[in-house]
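S.K.: Structure for the following, please:
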Amino acid sequence: MGKYDIPELKRQTIKLPEKWIGFNEVNTYKGECTQTGVHFFLDDYQFERIWNRPTVYVKQLSKFSLVAYTL
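M.R.: Numbering: from 1, shown residues only. The predicted structure follows:
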């Protein structure tokens, strides 16, 4: 545990994809998923559907090389 009992995270080395798409483009994306990341830096209404039914999108998002979000 770190300062204020906040867990310390170990540094990870990952290869970031060069291509990124917004979550709102996942259903229509025609490119190479294994070389593309998905981000959620969108207006809230664009990804409200994943909050309501996350299990519907798990398989679809797992095709992409990386999924990035913040809380």
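
S.K.: What segments of the chain are strands?
M.R.: Shown for the chain, the strands assigned by DSSP state E span residues 19-22, 36-39, 66-68.

S.K.: could you dump those strands to a markdown table with mean neighbour count?
M.R.: C-beta coordinates here come from the backbone N, C-alpha and C atoms, glycine included. Listed next are the strands of the chain as a markdown table, based on neighbours: other C-beta atoms under 10 Å:
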| stretch | mean neighbour count |
| --- | --- |
| strand 19-22 | 15 |
| strand 36-39 | 19 |
| strand 66-68 | 13 |
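
S.K.: export these to JSON lines and tack on mean pLDDT?
M.R.: JSON lines is the format used below for those (pLDDT from 0 to 100):
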{"stretch": "strand 19-22", "mean pLDDT": "96"}
{"stretch": "strand 36-39", "mean pLDDT": "97"}
{"stretch": "strand 66-68", "mean pLDDT": "94"}
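
S.K.: can the ones you listed go into CSV with extra columns for distance to residue 30?
M.R.: Formatted as CSV, the strands of the chain follow (distance: least, C-beta to C-beta, whole Å):
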stretch, distance to residue 30
strand 19-22, 11
strand 36-39, 11
strand 66-68, 18
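
S.K.: where in the protein is pLDDT low?
M.R.: Applying pLDDT under 70 to the chain flags residues 71.

S.K.: Distance-wise, check the closest residue to residue 66 other than its chain neighbours relative to residue 65.
M.R.: The spatial neighbour of residue 66 that comes closest, neighbours along the chain excluded (C-beta to C-beta, 6 or more residues apart in numbering), is residue 37 at 4.1 Å. To residue 65, residue 37 is 6 Å away according to C-beta to C-beta, to the nearest Å.

S.K.: How many residues are close by residue 29?
M.R.: Neighbour count for residue 29, taken as other C-beta atoms under 10 Å: 16.

S.K.: again with residue 62
M.R.: Residue 62: 9 surrounding residues under other C-beta under 10 Å.

S.K.: what's the distance between it and residue 12?
M.R.: 19 Å.

S.K.: Likewise for residue 68?
M.R.: Residue 68 sits 13 Å away from residue 12, going by C-beta to C-beta.

S.K.: what does residue 57 give?
M.R.: Applying C-beta to C-beta, the value for residue 57 to residue 12 is 24 Å.

S.K.: Good, we can wrap up now.
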